[in-house]
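Trainee: quick check, what structure comes out for this input:
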Amino acid sequence: QVQLVESGGDLVQPGGSLRLSCAASGSIFSINAMGWYRQAPGEQRELVAEITRGGRTNYADSVKGRFTISRNNGRNMLYLQMNSLKPEDTAVYYCNAEVTIVVTGGWQEYGYWGQGTQVTVSS
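Mentor: Numbers count the residues shown, from 1 in each chain. A predicted model of the protein is given here:
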């Protein structure tokens, strides 16, 4: 079993900064792509940023230049540095990881989600 646990969500004023963290644990052979998604009330979950194991990144247009995704492969950690926050960034932020685990006879890749962490941007 694999668990993803996010932390770092908070209430912050517009223009402020937050750093989200996601810790992966469990029967992990390797972690491939990882990403941050968010879901605002009444909206669909959307990709915020993603990063490959080798460090290649991709961002939603709405966060380019403000958010930075990074990871520590040795510690199975994922991060999201969020600067210049706007009210429209308010959402529950979820960590996602494509994890290879050992199964009988070989390996298998599964996608996992964390439980989410609330980010609220308001004055």
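Trainee: quick check: which element contains the residue nearest the centre of the chain?
Mentor: Nearest to the mean C-alpha position of the chain, by CA atoms, centre = their mean, lies Trp36 at 2.8 Å. Assigned by DSSP states H and E, Trp36 belongs to strand 30-39.
Trainee: find the nearest non-adjacent residue to the residue nearest to the centre of the chain, please.
Mentor: Distance criterion CB to CB, 6 or more residues apart in numbering; nearest residue to Trp36, sequence neighbours excluded, is Val48 at 4.4 Å. Heads up, the C-betas are built off the backbone N, CA and C, glycines and all.
Trainee: also Ala97?
Mentor: Met34 (4.7 Å).
Trainee: hang on, the earlier thing: ok, and for the strand holding Trp36, which residues are buried?
Mentor: For strand 30-39, the neighbour count (16 or more other CB atoms under 10 Å) marks Ile31, Ala33, Met34, Gly35, Trp36, Tyr37, Arg38 as buried.
Trainee: for that strand, which helices and strands make contact with it?
Mentor: For strand 30-39, the packing partners by 3 or more CB pairs under 8 Å, 6 or more residues apart in numbering; DSSP states H and E come out as strand 18-26, strand 46-51, strand 67-72, strand 77-82, strand 91-103.
Trainee: thank you, goodbye.
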